[in-house]
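[1] Please work out how this folds:
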Amino acid sequence: MKLRWKVSIQAIIRRAYDLGLFDAAQYRRANIHISKSGQRKNEPGEPDVMEQPELLKLSLVKLEEFFKIDPTTLAYELGLKPRFFWKS
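    Predicted coordinates:
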């Protein structure tokens, strides 16, 4: 599931609990197992190369193209620093 949905094992366990597939005791045991096995910080099955976001860059280009909103102005309007959108 981790590879298919591209989410952490912790997120899968939480979702299973939220859906009622795990009871409270199973949820607790799963989290204890993750912690004891060191998977909380270093999960198995992580990709060697992290994906780079594509939609954010495309969205910023389209905003600038159609609405004449540059990313720096947008960042300040959202209360963010411009580097949030662009690598330094």
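
[2] By mean pLDDT, point me to the weakest helix or strand of this structure.
    helix 2-5 (a mean of 70; mean pLDDT, DSSP states H and E).

[3] Let me see the domain layout of this protein.
    The chain breaks down into these domains under automatic domain parsing: 2-36, 55-84.

[4] hmm, back to that, ok, then the element right after the least confident helix or strand of the chain?
    Using DSSP states H and E, the next helix or strand after helix 2-5 towards the C-terminus is helix 9-18.

[5] what pLDDT, on average, does that next one get?
    Helix 9-18 carries an average pLDDT of 92.

[6] before we move on, what about stretch 28-37?
    91.

[7] quick one: it to chain centroid distance?
    21 Å (Cα atoms, centre = their mean, to the nearest Å).

[8] can you pull the buried residues of it?
    30, 34 (16 or more other Cβ atoms under 10 Å). Using the backbone N, CA and C atoms, a C-beta is placed for each residue, glycine as well.

[9] Over to stretch 77-88?
    Result for stretch 77-88 [16+ other Cβ under 10 Å]: buried residues Phe85.

[10] re the thing from before, okay if I get the domains of the chain as JSON lines plus distance to Asn42?
    Shown next, in JSON lines, are these (distance: least, Cβ to Cβ, whole Å):
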{"stretch": "domain 2-36", "distance to Asn42": "11"}
{"stretch": "domain 55-84", "distance to Asn42": "27"}
